[in-house]
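# Quick one, fold the following:
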Amino acid sequence: MLDIDFIRAQFPAFTEAPLQGQAFFENAGGSYTCGQVINRLTRYYKQRKVQPYYPFEASRLAGEEMDEARARLSAVLNIKVDELSFGPSTTQNTYVLAQAFGQMLSAGDAIIVTNQDHEANTGPWRRLAARGIEVREWQVDEVGHLDPAALENMLDDTVKLVCFPHVSNLVAEINPVAEICDIIRTAGAYSCVDGVSAAPHGLPDISGLGADIYLFSAYKTFGPHQGIMAIKQALADILPNQGHFFNESVRYKRFTPAGPDHAQVAACAGMVDYLDAVHAHHFSAEPDAAARGRAVHGLSSAHEGQLLAPLISYLRGRNDVRLLGPQNAEGRVATVSVVANRPGYELAQALVPEGIMAGGGDFYAVRLLEALKVEPSHGALRLSFVHYTSEADVQKLIAALDKVL
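Residues are numbered from 1 along each chain as shown. Prediction:
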């Protein structure tokens, strides 16, 4: 079982005076940062805040830390080192990818997007319609579920790319990524998976999932504000270069036209420091980084599931709220969105005096809310947590909901 005291001791936020007495339930918008990342970022700014990769010592160490972050993260994600790119955010990474595909595809080619997505993984792709590319929408059903069989009916030889989320940031259902990617691959198309709402609940084994592109955000996985993007070598090599022309031969530089944030890239190694510390505390030694990642993923998911079950049960027992997405704890992550007779933002405001930090609104999932017949301006109350959330936090949340609903 997860040692929650050990876990929380790794996050300085839990000892900060302004946050005492608060239970944090807006983790889907961004998680607390682990101490290992903060320490690396602080050291970089104090000792190595120079242009990296020059021969003098501070510069050499700066470059080595950036390389370390890429190598260690790619090992955990089970991908090749040069398949990993950093960018300012997942939204920006997706935009750059859309420009590359827009140059590669021709009028008459088709792509498929969903209305289950956060706008970051649908809007940039939809804009390709202006270039003559057909955009098809894989639509959710009345409960927000994406049916893989419906996708199969949409695929033909004109479809070149399918973009879909690993987990919706509102309905929180875990889509069967490996199954969907296999369907897409069989049809001769590429897959682009938005993992932003999945990765906080355990870093993925990307090779195991079979995705051609997988994106997530480090600031939601206990790290700095960076977007992380994995692109298979074969695809990266045929997509048009979006970086400087003289960097075209370096795969991980082809899709970062803005250049990397050196300090934040280096600090991403702290995410792996943290994962390794959790693994060492709970398990025997394991030399394979991807195996360590899978073990910690399972540990985190089990803990979150234990806390999620009573919250779901409580909400289902009320007749004054609508729970979006799966009605059980199984098959979903620990993000719970509800629609009540008051706007989501108002409910989040009402929870503040009760010591609950939560979010309310449309969460950039306007198309999904409209498909679920929820007025986006009314929005939902979103309660999202991760493995550092305690049982006491959930009990405090349920007591607070009793007062404000």
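# got the residue ranges for the helices in the stretch 201-350 of the chain?
206-209, 233-238, 262-267, 269-282, 289-316, 344-351 (DSSP state H, counting those that start in this stretch).
# And the second one, what's buried?
Within helix 233-238, the residues that qualify as buried are 235, 236, counting by 16 or more other Cβ atoms under 10 Å. C-beta: built from backbone N, CA, C; applies to glycine.
# got the CA coordinates for that helix in PDB?
Only the C-alpha atoms of helix 233-238 are listed here, as PDB (Å, rounded to 0.1, in the frame of the first residue of the first chain):
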ATOM      1  CA  GLN A 233      11.300   8.100 -35.000                       C
ATOM      2  CA  ALA A 234       9.700   7.100 -38.400                       C
ATOM      3  CA  LEU A 235       7.000   9.800 -38.100                       C
ATOM      4  CA  ALA A 236       9.400  12.500 -36.900                       C
ATOM      5  CA  ASP A 237      11.600  11.900 -39.800                       C
ATOM      6  CA  ILE A 238       8.900  12.500 -42.500                       C
END
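# remind me, longest strand of this protein?
Longest strand in the chain by number of residues, with DSSP state E as the criterion: strand 159-165.
# quick one: contacts for the residue sitting furthest away from the middle of the chain?
Counting by Cα atoms, centre = their mean, the extreme residue of the chain relative to its mean C-alpha position is residue 56, 36.6 Å from that point. Contact analysis of residue 56 by Cβ atoms under 8 Å, 6 or more residues apart in numbering lists residue 50.
# I'd like to know how far it sits from residue 50.
Summarising the geometry, the distance separating residue 56 from residue 50, computed by Cβ to Cβ, to the nearest Å, is 8 Å.
# and residue 184, which of the helices of the stretch 201-350 of the chain is closest to it?
Shortest separation from residue 184 across these is recorded for helix 206-209, at 11.7 Å, computed as Cβ to Cβ.
# on that earlier part again, what pLDDT does the residue farthest from the centre of the chain get?
The score at residue 56 is 98. That number is its pLDDT.
# Kindly list the main-chain dihedrals of it?
Backbone torsions of residue 56, given as degrees, to the nearest 10, read phi -70, psi 160.
# What of residue 113?
In this entry, residue 113 is assigned phi and psi values of phi -120, psi 170 (degrees, to the nearest 10).
# right, and it touches residue 128 too?
No: in this structure, residue 113 is not within contact of residue 128 by Cβ atoms under 8 Å, at 9.7 Å.
# joint contacts of the two?
With contacts taken as Cβ under 8 Å, 6+ apart, the residues that reach both residue 113 and residue 128 are residue 135.
# measure the residue farthest from the centre of the chain to residue 62 for me?
Relative to residue 62, residue 56 is positioned 10 Å away (Cβ to Cβ).
# Common neighbours of those two, please.
Residues touching both residue 56 and residue 62 (Cβ under 8 Å, 6+ apart) are residue 50.
# got the contact list for the helix or strand hosting residue 5?
Assigned by DSSP states H and E, residue 5 belongs to helix 4-9. Surrounding helix 4-9, the residues in contact under the criterion Cβ under 8 Å, 6+ apart are 14, 278, 281, 303, 387, 388, 390, 391.
# Derive a ChimeraX selection command for the buried subset of the residues you listed.
Buried members of the contacts of helix 4-9, defined by 16+ other Cβ under 10 Å, are picked up in ChimeraX with:
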select :14,278,303,387,388,390
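# out of the contacts of helix 4-9, who's nearest residue 221?
Using Cβ to Cβ, residue 387 is the member of those that lies nearest residue 221, at 11.2 Å.
# contacting residues for the closest one?
Contact criterion Cβ under 8 Å, 6+ apart gives 2, 7, 201, 299, 300, 303, 304 as the residues in contact with residue 387.
# Next, give me the two most distant ones among the residues you listed.
Pairwise distances among the contacts of residue 387 were taken by Cβ to Cβ; the largest, 13.7 Å, belongs to 7 and 201.
# More neighbours: the two, which one.
Neighbour count, other Cβ atoms under 10 Å: between residue 7 and residue 201, residue 201 has more, with 28 against 24.
# Test my guess that the more buried one contacts residue 384.
No: if you go by Cβ under 8 Å, residue 201 and residue 384 don't touch, sitting 9.8 Å apart.
# between these two, what contacts are shared?
In contact with both residue 201 and residue 384: residue 334, using Cβ under 8 Å, 6+ apart.
# Give me the neighbour count for residue 150.
The tally of other residues near residue 150 (other Cβ under 10 Å) stands at 13.
# going forward, begin numbering at 48 instead of 1
From this message on, residue numbering opens at 48, which makes the last subject residue 197.
# Look up phi and psi at it.
Summarising the backbone geometry of residue 197 under the convention degrees, to the nearest 10, its torsions are phi -70, psi -40.
# Leaving out the residues flanking it, which one is nearest to it?
Counting by Cβ to Cβ, 6 or more residues apart in numbering, residue 185 is the residue found nearest to residue 197 once chain neighbours are left out, at 6.5 Å.
# same thing with residue 361?
In space, and not counting its chain neighbours, residue 361 is closest to residue 445: 5.2 Å by Cβ to Cβ, 6+ apart.
# which residues touch the helix or strand that contains residue 142?
With the criterion set as DSSP H and E, the secondary-structure element containing residue 142 is helix 137-151. Contacts with helix 137-151, where a contact means Cβ under 8 Å, 6+ apart, come from 132, 134, 158, 167-168, 171-172, 174-175, 178, 180, 207-208, 239, 241, 243, 260, 262-264, 274-276, 278, 285-287, 289, 302-305.
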